[in-house]
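1. sharing a sequence plus its predicted fold:
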Amino acid sequence: MKRIVKVMAVAAVAFVSGTVNAQTTSDQVTLNINLNPVYTLIVDGSQKTVDLTYNTREDYDKGVSALKNNHLTVYSTGGFEVKVKTDGDFKAKSGETIDAKSVSVEASNGDLDKNNMISPSYSKVDLSASDTQLISSKSGGVDHKFNVNYTGAANHAYVNKYISGNGGATSVYTSTLTYTILGL
């Protein structure tokens, strides 16, 4: 009877020993981070109308400008450019026109973005019906603000554009500008 007990004890030790040496397995998974380009451009809602007002002889002589601080806000996941164009020449209700290229726009840094966009470049643009590059950046940014300065013609370019016979009311010439953002 002793012998049977001994054999059973050896079998139990062998079973326990096999559990300790159990094999492990592993496998792998590929995890991708898929980044798509995102570009947004917003014109400040309180600055959707810009007026270039000529009130004095000096205004007609030297031209006028309107600086709009933090006028454009850009979010970009990478390099981008902002273009501007008009829907054509400036038109009065009477049908009279002012050449679009007599007005220029120029951008500059507004409030900095959250990750400080690296060195955007700017071009002074004479308006036209063709998209023209205003801002370019090799890096993206989060809510980067840009100032825009609108400048009307000098040297009495608009002297004969006032429409007489309207009871002294201001002659208003209008055009719609469109800003577009594109990835580089």
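-> That came through fine.

2. burial count for P120?
-> Close neighbours of P120, defined as other C-beta atoms under 10 Å, add up to 21. Every C-beta, even on glycine, is put in place using the N, C-alpha and C of the backbone.

3. which SS class is the spatially most central residue of the chain?
-> The C-alpha lying nearest the average C-alpha coordinate of the chain belongs to V74 (C-alpha atoms, centre = their mean; 2.6 Å). Judged by DSSP: H, G, I helix; E, B strand; the rest coil, the three-state class of V74 is strand.

4. what's N160 sitting at in phi/psi?
-> In this entry, N160 is assigned phi and psi values of phi -100, psi 20 (degrees, to the nearest 10).

5. mind listing what it touches?
-> N160 makes no contacts at all, as judged by C-beta atoms under 8 Å, 6 or more residues apart in numbering.

6. please enumerate the helices of the protein.
-> Assigned helices in the chain, in chain order: 2-20, 57-62 (criterion: DSSP state H).

7. mean pLDDT lowest where, among these?
-> In terms of mean pLDDT, the lowest-scoring of the helices of the chain is helix 2-20 (a mean of 50).

8. is it true that T132 touches T86?
-> No - the pair formed by T132 and T86 falls short of the contact definition of C-beta atoms under 8 Å, at 9.9 Å.

9. comparing these two, which shows the higher neighbour count?
-> Between T132 and T86, counted using other C-beta under 10 Å, the more crowded position is T86 (19 against 15).

10. remind me which residues of this protein are low pLDDT?
-> Counting by pLDDT under 70, the chain contains low-confidence ranges at 1-20, 112-117.

11. going along the chain, name the strands of it.
-> In chain order, the chain shows strands spanning 39-43, 65-76, 80-86, 90-91, 97-98, 104-109, 121-122, 125-126, 132-137, 141-151, 177-183, with DSSP state E as the criterion.

12. pull the number of nearby residues for T176.
-> The local packing count at T176 equals 8, with neighbours defined by other C-beta under 10 Å.

13. look up how far L41 lies from it.
-> In this structure, T176 lies at 16 Å from L41, with C-beta to C-beta, to the nearest Å as the measure.

14. again, but for A66
-> Applying C-beta to C-beta, the value for A66 to L41 is 20 Å.

15. compare those two (neighbour count), which wins?
-> Set A66 next to L41 and count neighbours by other C-beta under 10 Å: L41 wins out with 18 against 15.

16. show me the contacts for the more buried one.
-> 72-74, 82, 179-181.

17. export those to CSV and tack on distance to T151?
-> Output for these, formatted as CSV (distance: C-beta to C-beta, whole Å):
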residue, distance to T151
L72, 17
T73, 22
V74, 22
V82, 18
Y179, 17
T180, 21
I181, 23
